[in-house]
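Enquirer: predicted structure and sequence below. I'll ask about it afterward.
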Amino acid sequence: MKSNSKPIKLFLLVTFSCTSLLVSLNPVLAKPTLGSSPSDAYGGLRLRSDAKTTLAKATTYNQPSLPPGPPPGGRVRGGAKRGQVAGCPVTKLDLTALVPFTEEANSVINVWGQTTVERPSWFFYVPYAKDLPYEVEFVLQDEDSNEIYQKAIALPDKPGVIRVSLPTTAPGLALNKQYRWFFTINCDQEKNSPPTFVEGVIQRVELNQTALKELQTTELLKRYDIYAQNGIWYEALTILAQLRDQNPKDAALQAEWRNLLRSIRLDDIAAEPIILEKS
């Protein structure tokens with residue numbers, strides 16, 4: 001028996017040491033991996049490592065061609081028209097619609113974007129705060145210039161990007177129809193000076209079946225990527241704005257927001273706060 005005591009003691013010592021080492025490592029091995037921590041949950045959906053890759057490579061927004069027929073025209077920036085004096089005070093940044101636009105050779109600007117939903121959301125950078133007595137209004141017209149929705153808009157607590165959504169009480173957008181929208185700020189209570197405003201055209205379209213199938217089985221950030229690559233501006237912008245609002249310190253989302261606005265030449269708005277209404 002004595003001749004076997006040393007090997008047995010050595011075996012027990014090694015076993016005990018290994019067990020202790022595993023116990024000490026357990027907290028490290030149990031730490032959450034990418035996508036399992038609360039800070040990676042966006043919009044109620046978890047952000048997996050593949051979604052991080054989507055952000056890292058920068059999503060490309062593919063702007064579609066203008067619809068057939070007369071060009072939509074429009075104004076992406078506020079301020080006075082040529083030859084007029086605006087009643088609103090000068091600010092560092094003008095009232096701005098967060099919408100794609102193109103400039104023609106004759107200086108005509110076309111402000112136009114696509115949606116796939118009946119009741120989309122529009123986003124505007126507003127340079128004024130609620131302590132000013134300005135009248136703000138959003139108007140939506142159909143193809144025959146009939147007003148189908150009008151809403152007085154409250155100025156935000158501070159200058160920033162706000163959202164205007166078409167409610168269920170308003171008629172939904174019909175497929176393949178063009179609608180003109182206006183966002184107006186009247187700073188002159190006497191209304192002797194013209195307001196500052198932006199305007200553009202929105203059209204509801206259908207996605208192809210491949211994209212629709214992908215949307216049904218993927219997470220929120222990938223949906224943003226699908227919409228952007230298919231030229232669906234309004235859903236892409238809405239998803240990214242919601243993610244940024246929920247995660248204001250997320251560096252990857254900040255970079256993607258800058259990338260998206262840079263793609264439509266609105267870099268100067270990228271650093272402005274997003275002020276979304278709370279439900």
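Expert: Okay, I see it.

Enquirer: CA only for contacts and neighbour counts going forward, please
Expert: Fine.

Enquirer: show me where the stretch 51-200 of the chain has strands.
Expert: Taking DSSP state E, counting those that start in this stretch, the strands of the stretch 51-200 of the chain run over residues 96-97, 101-103, 109-115, 121-126, 135-141, 147-152, 160-165, 178-186, 196-204.

Enquirer: now the third one and strand 196-204, what's the angle there?
Expert: Yep, that's strand 109-115 we're talking about. Angle between the axes of strand 109-115 and strand 196-204 is 40 degrees (criterion: axes from the mean of the first three to the mean of the last three Cα atoms, to 10 degrees).

Enquirer: rewinding a little: if you average pLDDT over each of the strands of the stretch 51-200 of the chain, which is lowest?
Expert: Lowest mean pLDDT of these: strand 101-103, a mean of 91.

Enquirer: was I right about residue 61 contacting residue 259?
Expert: No. The criterion here is Cα atoms under 8 Å, and residue 61 misses it with residue 259 at 9.2 Å.

Enquirer: settle it for me: which of the two has more neighbours?
Expert: Neighbour totals were compared for residue 61 and residue 259, and residue 61 leads with 23 against 20 (other Cα atoms under 10 Å).

Enquirer: what average pLDDT does stretch 215-231 get?
Expert: 91.

Enquirer: send the alpha carbons of that stretch over as PDB?
Expert: Coordinates of each C-alpha in stretch 215-231 appear next as PDB, following Å, rounded to 0.1, in the frame of the first residue of the first chain:
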ATOM      1  CA  LEU A 215     -37.600  41.100 -45.000                       C
ATOM      2  CA  GLN A 216     -39.800  38.400 -43.400                       C
ATOM      3  CA  THR A 217     -37.000  36.400 -42.000                       C
ATOM      4  CA  THR A 218     -34.300  38.900 -41.100                       C
ATOM      5  CA  GLU A 219     -33.400  41.300 -38.300                       C
ATOM      6  CA  LEU A 220     -34.000  45.100 -38.200                       C
ATOM      7  CA  LEU A 221     -30.500  46.200 -39.400                       C
ATOM      8  CA  LYS A 222     -30.600  43.900 -42.300                       C
ATOM      9  CA  ARG A 223     -34.100  45.200 -43.200                       C
ATOM     10  CA  TYR A 224     -32.600  48.700 -43.300                       C
ATOM     11  CA  ASP A 225     -29.900  47.300 -45.700                       C
ATOM     12  CA  ILE A 226     -32.500  45.700 -48.000                       C
ATOM     13  CA  TYR A 227     -34.600  48.800 -48.200                       C
ATOM     14  CA  ALA A 228     -31.600  51.100 -48.900                       C
ATOM     15  CA  GLN A 229     -30.200  48.800 -51.600                       C
ATOM     16  CA  ASN A 230     -33.600  48.600 -53.300                       C
ATOM     17  CA  GLY A 231     -34.000  52.400 -53.300                       C
END
